[in-house]
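Asker: pasting a predicted model and its sequence here:
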Amino acid sequence: MTFDKGSLILVDYTAKVKDDDEVFDTTIEADAKKYSLHEENAKYHPKLVSIGETSYPVLKGFDEALAKTSVGDKLTIEVTPDKGFGARDSTKVRMIPLRKLGEDAEKVSVGDTIEVDNKRGIIRFIGSGRVQIDYNHRYAGKTILYDVNVLKALDTPNDKVDAILKERLPVEDSKIAFDLKDKEASITVPEDILRADGLQIMKHFIQMDIFKFVNTLEKISFVETHVNKQTPTKKPEAKEKTA
């Protein structure tokens with residue numbers, strides 16, 4: 001069974017450059033450690049993908065190939081530059097004076113990603129007081145291989161809401177809680193992010209996604225519980241000593 005446009009699915013994958021086998025992305029923590037990609041605060045869990053949609057996008061070639069798969073498939077998907085990170089554009093390579101980097105001039109090295117004139121680029125060459133910066137995507141012109149495991153199709157409202165919250169909330173999955181009842185959803189905002197910057201934006205996109213993919217719902221409530229941690233605890237009364 002293939003997937004229709006708008007289907008929500010969960011996949012595990014590890015991505016590498018075809019030419020040199022450089023692994024640069026993975027949803028699997030063991031692979032992240034194996035290929036020295038592991039980040040301490042990153043969430044490693046299956047990727048939520050909305051087939052043919054922009055809500056949870058992947059590269060075009062990856063998306064098109066996933067649409068033709070079924071749950072349980074394990075395969076390697078090849079994504080060429082035209083449906084991946086694009087072709088290399090020589091006009092996006094610039095040579096600038098090294099002094100333009102200011103204080104960073106003494107710190108940078110070939111391969112570093114830096115921001116110059118509000119654009120991010122990769123340093124390709126340093127010499128003779130000049131630095132060459134490549135504003136192409138790091139993997140432009142490269143064919144990408146995805147080793148993929150298609151884990152699950154999300155068909156029920158409960159599965160969809162659960163996956164959306166796990167994708168959108170930057171907390172451990174065990175701290176995510178919600179309740180679906182009739183046409184309403186009640187979502188508990190984890191204490192860890194009650195004061196987080198961007199919480200309102202998170203809530204905005206969560207409600208947009210849930211209404212889009214679970215169109216039977218009519219109301220979403222976000223429950224926030226704030227505990228007064230300044231309240232002093234009452235000390236137990238000392239017992240009177242007896243002779």
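Answerer: Ah, there it is.
Asker: how about the contacts made by Val108?
Answerer: Counting by Cβ atoms under 8 Å, 6 or more residues apart in numbering, Val108 makes contact with Leu101, Ile114, Ile123, Ile126, Val131. The way it works is simple: take the backbone N, C-alpha and C, and place the C-beta from them, glycine included.
Asker: same question for Leu75.
Answerer: Under the criterion of Cβ under 8 Å, 6+ apart, the neighbours of Leu75 are Thr69, Val148.
Asker: count of neighbours near Lys160?
Answerer: The local packing of Lys160 (other Cβ atoms under 10 Å) involves 20 other residues.
Asker: how much space between it and Glu39?
Answerer: With distances defined as Cβ to Cβ, to the nearest Å, the gap from Lys160 to Glu39 amounts to 27 Å.
Asker: where do the strands sit along this structure?
Answerer: Shown for the chain, the strands assigned by DSSP state E span residues 8-17, 23-26, 47-50, 74-79, 93-97, 113-116, 119-127, 130-134, 144-154, 177-181, 184-188, 219-223.
Asker: could I get those strands as a markdown table with distance to Gln207 and mean pLDDT?
Answerer: Compiled in a markdown table, those are given as follows (distance: least, Cβ to Cβ, whole Å; pLDDT from 0 to 100):
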| stretch | distance to Gln207 | mean pLDDT |
| --- | --- | --- |
| strand 8-17 | 16 | 98 |
| strand 23-26 | 28 | 98 |
| strand 47-50 | 16 | 98 |
| strand 74-79 | 32 | 98 |
| strand 93-97 | 42 | 93 |
| strand 113-116 | 33 | 90 |
| strand 119-127 | 31 | 93 |
| strand 130-134 | 40 | 94 |
| strand 144-154 | 18 | 98 |
| strand 177-181 | 12 | 97 |
| strand 184-188 | 9 | 97 |
| strand 219-223 | 5 | 97 |
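Asker: nearest to Tyr35, out of those?
Answerer: Ranking those by distance to Tyr35, with Cβ to Cβ as the measure, places strand 23-26 first at 4.1 Å.
Asker: can you give me how far that closest one is from the chain middle?
Answerer: Computed by Cα atoms, centre = their mean, to the nearest Å, the chain-centroid distance of strand 23-26 equals 13 Å.
Asker: do the same with stretch 171-189
Answerer: How far stretch 171-189 lies from its chain's middle: 20 Å, per Cα atoms, centre = their mean.
Asker: dump the strands of the chain into a markdown table; add distance to Ala196 as well.
Answerer: Conversion of these to a markdown table gives the following (distance: least, Cβ to Cβ, whole Å):
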| stretch | distance to Ala196 |
| --- | --- |
| strand 8-17 | 25 |
| strand 23-26 | 25 |
| strand 47-50 | 21 |
| strand 74-79 | 34 |
| strand 93-97 | 37 |
| strand 113-116 | 25 |
| strand 119-127 | 25 |
| strand 130-134 | 34 |
| strand 144-154 | 26 |
| strand 177-181 | 17 |
| strand 184-188 | 15 |
| strand 219-223 | 13 |
